[in-house]
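K.L.:
starting from these lines, generate the structure:
(2 chains)
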Amino acid sequence: QVQLQESGPGLVKPSGTLSLTCAVSGGSISSSNWWSWVRQPPGKGLEWIGEIYHSGSTNYNPSLKSRVTISVDKSKNQFSLKLSSVTAADTAVYYCARGGAIFGVVIKGFDPWGQGTLVTVSS
Amino acid sequence: DIQLTQSPSFLSASVGDRVTITCRASQGISSYLAWYQQKPGKAPKLLIYAASTLQSGVPSRFSGSGSGTEFTLTISSLQPEDFATYYCQQLRDFGQGTRLEIK
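P.N.:
Below you'll find the predicted structure:
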């Protein structure tokens, strides 16, 4: 079964760039699914950040679009998130997830999810 | 942007109760609606997708229904392990969550 694992620094300085990687195991990132990043500030709800297809096509949350870059590395079966100009408001648990798609549309929900990684923005 | 509003935001219930959580969209949406359960410190778990399709391995006491602007998640008989926070999602947008606690 497909498993996802996030990795990256747990502490980022204000105005810096948050960088995370999601390793996909048990399946190919080149399958017909979208691969998403979702975050959850402490004690708050879920916020979708963006997604990527194995072709490199991306979609981003409009509220974050100017600061987000998602990329894919098919050779390593992983995808990555970069969020620039971070502030304390970007402190959150960051999850990666697979968006189950049919004909390119995510209609099967997000499953599986990684375990999540807490990123704190602080000097 | 489509807004998803869940009600109630907080729900207190007892083991064995039947509970319903509603997700209302600000405009008519496709039936590509999913429901998730999240327990503290854990990633969300997919329960239902396409409004009413039960994800593999999810107990049959969970069910989903709805179309247009109103969707519901029903738990037919609450079990102790069901006390958690539930989120609806339409494509990429999430509702604000419903916290289900033991009465």
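
K.L.:
which bits of chain A sit near chain B?
P.N.:
A:36, A:45-48, A:51, A:59, A:61-62, A:95, A:97, A:100, A:105-111, A:113-116 (Cβ under 8 Å from any Cβ of the partner chain). Yep, even glycine has a C-beta here, placed from its N, CA and C like the rest.

K.L.:
helix or strand next in line after the host helix or strand of residue A:72, which one?
P.N.:
According to DSSP states H and E, residue A:72 maps onto strand A:68-73. Using DSSP H and E, the helix or strand that follows strand A:68-73 in sequence is strand A:78-83.

K.L.:
ok, of the residues of chain A next to chain B, which come out buried?
P.N.:
Neighbour counting by 16 or more other Cβ atoms under 10 Å in any protein chain shown classes A:36, A:46-48, A:51, A:59, A:61, A:95, A:97, A:100, A:106-111, A:113-114, A:116 among these as buried.

K.L.:
which other helices and strands contact the strand ranked longest in chain B?
P.N.:
Using DSSP state E, we find that the single longest strand of chain B is strand B:62-75. In terms of contacts (3 or more Cβ pairs under 8 Å, 6 or more residues apart in numbering or on different chains; DSSP states H and E), strand B:62-75 is packed against strand B:19-29, strand B:33-38, strand B:45-49, strand B:53-54, strand B:85-90.

K.L.:
if you compare those, which one is most tucked away?
P.N.:
Mean neighbour count (mean count of other Cβ atoms under 10 Å in any protein chain shown) peaks for strand B:33-38 among the helices and strands packed on strand B:62-75, with a mean of 26.

K.L.:
for the residue most central in space within chain A, what are its contacts?
P.N.:
Centroid-nearest residue in chain A, with Cα atoms, centre = their mean: residue A:37, separated by 2.3 Å. Residue A:37 makes contact with A:20, A:22, A:48-51, A:70, A:81, A:94-97 under the criterion Cβ atoms under 8 Å, 6 or more residues apart in numbering or on different chains.

K.L.:
ok, what's across the strand from residue A:23?
P.N.:
Bridge pairing for residue A:23 (DSSP bridges) gives the partners residue A:5, residue A:78.

K.L.:
isn't it right up against residue A:29?
P.N.:
No: with contact defined as Cβ atoms under 8 Å, residue A:23 does not count as touching residue A:29 (9.5 Å).

K.L.:
look up the closest residue to residue B:94, ignoring the ones flanking it.
P.N.:
Leaving out its chain neighbours, the residue that sits closest to residue B:94 by Cβ to Cβ, 6 or more residues apart in numbering or on different chains is residue A:46, at 4.4 Å.

K.L.:
what separation do you get for residue B:87 and residue A:38?
P.N.:
10 Å (Cβ to Cβ, to the nearest Å).

K.L.:
what's the overlap in contacts for the two?
P.N.:
Counting by Cβ under 8 Å, 6+ apart, the residues touching both residue B:87 and residue A:38 are residue A:46.
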